[in-house]
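*Asks:* Take a look and give me a structure for this.
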Amino acid sequence: GFIPALVAVGWITIFHQPYGNWFRSHVVSWSGDIGIDGFVRDMKDMLPVLTLGLGVVFGFSFDTTGPRRIRRPADVHATRSSTAPVDRKATDEPLTAERGTAASDRNTVTTASQRTTPEE
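*Replies:* A predicted model of the protein is given here:
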């Protein structure tokens, strides 16, 4: 997919070069011969968008993540069974201790009317 995009964007870019040279004169001549010169002229304002799009196509075409590994059902099963078992009692102990502390604090809270002053 990258090569056709490169050819199309390169064609339009070379067509709109500000100074004439061998490449530009050939591209302008060939565009007129095959009847796309009107389209290529209209794409002048879109050159920044076309070059950005070409960069995106380049990035997705040459992805460097490496080959994809096919996972067989045996690999999936081995990954799931290799996790350590969870001890629910050990994981709940901190929460249980906090609940007990909060409950005992609630029972010992006194209101302002229950407090006594040292003078009494």
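
*Asks:* Output the below-cut-off pLDDT ranges for the protein.
*Replies:* The chain contains residues with pLDDT under 70 at 64, 66, 74-86, 92, 95-97, 100, 102-120.

*Asks:* Please, where are all the strands along it?
*Replies:* In the chain, no strands are defined using DSSP state E.

*Asks:* all helices of it, in order?
*Replies:* Remark: helices assigned in the chain by DSSP state H are 2-15, 22-34, 37-42, 47-61, 73-81, 88-108.

*Asks:* And for residue 16, the neighbour number?
*Replies:* 16 (other C-beta atoms under 10 Å). In this view, the C-beta of every residue, glycine as well, is placed from N, C-alpha and C.

*Asks:* Is it in contact with residue 45, as I believe?
*Replies:* No: contact criterion C-beta atoms under 8 Å: residue 16 and residue 45 do not qualify, at 9.9 Å.

*Asks:* ok, back up a step: would you list the helices of the chain in JSON lines and tack on mean neighbour count and distance to residue 67?
*Replies:* JSON lines is the format used below for the helices of the chain (neighbours: other C-beta atoms under 10 Å; distance: least, C-beta to C-beta, whole Å):
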{"stretch": "helix 2-15", "mean neighbour count": "15", "distance to residue 67": "19"}
{"stretch": "helix 22-34", "mean neighbour count": "13", "distance to residue 67": "38"}
{"stretch": "helix 37-42", "mean neighbour count": "13", "distance to residue 67": "39"}
{"stretch": "helix 47-61", "mean neighbour count": "13", "distance to residue 67": "15"}
{"stretch": "helix 73-81", "mean neighbour count": "9", "distance to residue 67": "16"}
{"stretch": "helix 88-108", "mean neighbour count": "9", "distance to residue 67": "39"}
